[in-house]
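Asker: Here is the input, now give the coordinates:
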Amino acid sequence: MGLAIEPAASGAAEDRAIDYVLRLGRALHAYGYTSPALERALVTASARLGLVGHFFSTPTSIFVTFGEGSAQRTFLSRVEPGGISLGKLADIDGNARAVGDGSLSPSEALARIEAIAQQPPPFSPLIETIASGAASGTACRLLGGGAGDVIVATGLGVLIGLLGLAAGRVRLTQGLFELMASALVSAAALMAASFGLGVSPAVSTLAGLIFVIPGFSLTIAMAELAARHLVSGTARLAGAFTVFLAITFGVAVGRRIVTSLVTLPPPGAFVALPEWTLWVAVLITPIALTVLLQGRARDMPWVTLACVAGFLGGRAGAAILGPALGGCLGALTAGLAAHLYEHWVGRPALVPLVPSVLLLVPGSTAFRSLALLLDQQVVVGIDGAFATLLTAASLVAGLLLAEMIAEVLSHPAVARIRSA
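Answerer: Model prediction:
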């Protein structure tokens, strides 16, 4: 895509502007922007700097061309899918807005991007490990686990947090980390069950791996396919499927090792938790996710409001449309809350939107589907896979509706009507 306007005044100024746009693209990609949003942001930044830009983004590369006709200059950036960093993403977005309104020059903005990239994580490793445990414990409650399951899942989440810190130190490759983490969590959950500490190893394992399961990537892939970004959406979908396979294989390995060593007792009595614990989990989850996604503490109230709105919308949608389609209403309410945050606070809507969608994503359904297929329960597994795709499609529909409503409300004509 491109936008033709007047070129930059001089060759040196144009080179500085190009350097800034290229670095901006790599930063936005590294901190969590989807391909459609990344290309729109780069087109806007190029236009404000007097450049003619054409952009093509995939999960592993960014192709950039400046100029028109035979005068085009093409650049290729090889990038790796990075983890989401909501705090740095918001800072980079503010940097781009400052360049757009003229308060920062491209050279100053480029230096500021480098400074943002060098910032340490906003929370200490201890806090992140505690948040990992809290996220798994609350996820277990949201999945319907009992008291014993929540305790075991919280311990498994802490284990995942510690493993993540160790993997970062030894630079463990992505894919191998998911395989090792799933095998370790599966084995630990079964060992806990063998000692009578957990009621359902399956629920505890799923909750312990909840932040590793790429349900959000699956939803983003479906959104990119719906937006006709076929290359990026297909690549992201294949990447999510590969991670699902690694997790499923790791869980199977961990289970086989433990069952060959110990005999599992029959399931114990299910200890149901009271209803109020569900709402405690809904309130704790956004805080834990903000820490794990490296957001800012000042955004936690907004993230919590968006997550609660999405959760309530999802429950209402499930009651009206059924579990598979109910996510549409949940994603719609979460998307509208995120766009209101962007309008009022002036920070990107992705900050509250990502944690909100993580509460709704169908990653657990996809994992269960693959586990059933691995157990040769083909019919039930295929049914679960279809339910996963339907749920992901309903989430995408809700997000697209929220974006369309936000664009309509921000249109100048509608703004004039509101002010009249």
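Asker: pretty sure residue 68 contacts residue 52?
Answerer: Yes - judged on C-beta atoms under 8 Å, residue 68 makes contact with residue 52 at a distance of 5.6 Å. Quick note: C-beta positions are derived from backbone N, CA and C, even for glycine.
Asker: the more surrounded of those two?
Answerer: Just comparing residue 68 and residue 52: by other C-beta atoms under 10 Å the higher neighbour count belongs to residue 52, 21 against 12.
Asker: phi, psi of the more buried one?
Answerer: Main-chain dihedrals, residue 52, degrees, to the nearest 10: phi -100, psi 110.
Asker: contacting residues for the residue nearest to the spatial centre of the chain?
Answerer: Closest residue to the average C-alpha location of the chain: residue 216 at 4.6 Å, with C-alpha atoms, centre = their mean. Residues in contact with residue 216 (C-beta atoms under 8 Å, 6 or more residues apart in numbering) are 354, 357-358, 361, 363.
Asker: where does the closest residue to residue 77 other than its chain neighbours fall, helix, sheet strand or coil?
Answerer: Nearest residue to residue 77, sequence neighbours excluded (C-beta to C-beta, 6 or more residues apart in numbering): residue 62, at 4.4 Å. Under DSSP: H, G, I helix; E, B strand; the rest coil, the three-state class of residue 62 is strand.
Asker: so can I have a markdown table of the contacts of residue 216 showing pLDDT?
Answerer: Shown next, in a markdown table, are the contacts of residue 216 (pLDDT from 0 to 100):
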| residue | pLDDT |
| --- | --- |
| 354 | 89 |
| 357 | 86 |
| 358 | 84 |
| 361 | 70 |
| 363 | 52 |
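Asker: Return the member of these nearest to residue 104.
Answerer: Nearest to residue 104, judged by C-beta to C-beta, of the contacts of residue 216 is residue 354 at 26.0 Å.
Asker: So which of the contacts of residue 216 is the closest to residue 161?
Answerer: Among these, and counting by C-beta to C-beta, the member closest to residue 161 is residue 358, at 16.3 Å.
Asker: dump the residue contacts of that closest one.
Answerer: 215-216, 289.
Asker: 7 Å - rerun?
Answerer: Contacts were defined as C-beta atoms under 7 Å, 6 or more residues apart in numbering; by that measure residue 358 touches 216, 289.
Asker: Enumerate the positions of stretch 263-281 that are buried.
Answerer: Judged by neighbour count (16 or more other C-beta atoms under 10 Å), stretch 263-281 contains these buried residues: 273, 281.
Asker: Name the residues that touch it?
Answerer: So stretch 263-281 is contacted by 138, 141-142, 146-148, 190, 193-194, 196, 199-200 (C-beta under 7 Å, 6+ apart).
Asker: contact partners of stretch 88-104?
Answerer: 24, 27-28, 31-32, 41, 45, 48, 106, 109, 112-113, 116, 119, 347-348, 350-351.
Asker: PyMOL command for the buried members of these?
Answerer: Applying 16+ other C-beta under 10 Å to the contacts of stretch 88-104 leaves a buried subset, and the PyMOL line that selects it is:
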select buried, resi 24+27+28+31+32+41+45+48+106+109+112+113+116+347+348+350+351
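Asker: Of the contacts of stretch 88-104, which belong to helices?
Answerer: Using DSSP state H, 24, 27-28, 41, 45, 48, 106, 109, 112-113, 116, 350-351 are the members of these that sit in helices.
Asker: now, the most widely separated pair of those residues?
Answerer: 106 and 351 (24.9 Å).
Asker: Now residue 157: closest residue in space that isn't a chain neighbour?
Answerer: Here the residue nearest residue 157, using C-beta to C-beta, 6+ apart, is residue 136, at 2.7 Å.
Asker: ok, that neighbour touching residue 154?
Answerer: Yes - using C-beta atoms under 7 Å, residue 136 is in contact with residue 154, at 5.9 Å.
Asker: Between the two, which is the more surrounded one?
Answerer: Between residue 136 and residue 154, counted using other C-beta under 10 Å, the more crowded position is residue 136 (30 against 23).
Asker: residues contacting that one?
Answerer: 153-154, 156-157, 207-208, 210.
Asker: element containing it, please.
Answerer: helix 125-142 (DSSP states H and E).
Asker: what about the helix or strand where residue 233 lies, distance to the chain center?
Answerer: Element membership for residue 233 (DSSP H and E) is helix 230-261. Put simply, helix 230-261 sits 18 Å off its chain's centre (C-alpha atoms, centre = their mean, to the nearest Å).
Asker: now for that helix, which elements pack on it?
Answerer: strand 53-58, helix 176-194, helix 215-226, helix 363-374 (3 or more C-beta pairs under 7 Å, 6 or more residues apart in numbering; DSSP states H and E).
Asker: Same list (the ones in helices among the contacts of stretch 88-104) but as CSV, adding distance to residue 332.
Answerer: Shown next, in CSV, are those (distance: C-beta to C-beta, whole Å):
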residue, distance to residue 332
24, 30
27, 30
28, 25
41, 23
45, 29
48, 31
106, 38
109, 35
112, 35
113, 33
116, 32
350, 16
351, 18
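Asker: would you turn the contacts of stretch 263-281 into a markdown table with pLDDT and neighbour count?
Answerer: Compiled in a markdown table, these are given as follows (pLDDT from 0 to 100; neighbours: other C-beta atoms under 10 Å):
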| residue | pLDDT | neighbour count |
| --- | --- | --- |
| 138 | 92 | 29 |
| 141 | 88 | 23 |
| 142 | 86 | 17 |
| 146 | 84 | 20 |
| 147 | 85 | 15 |
| 148 | 85 | 22 |
| 190 | 88 | 24 |
| 193 | 83 | 25 |
| 194 | 82 | 17 |
| 196 | 71 | 10 |
| 199 | 69 | 22 |
| 200 | 79 | 23 |
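Asker: could I get these as TSV with distance to residue 263?
Answerer: Putting the contacts of stretch 263-281 into TSV (distance: C-beta to C-beta, whole Å) gives the following:
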residue	distance to residue 263
138	32
141	29
142	31
146	22
147	24
148	19
190	11
193	11
194	8
196	13
199	17
200	17
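Asker: Could you list the buried residues of the helix or strand in which residue 91 is found?
Answerer: Using DSSP H and E, residue 91 sits in helix 86-100. Buried positions in helix 86-100, judged by neighbour count with 16+ other C-beta under 10 Å: 86-97, 99.
Asker: Sweet, I'm off.
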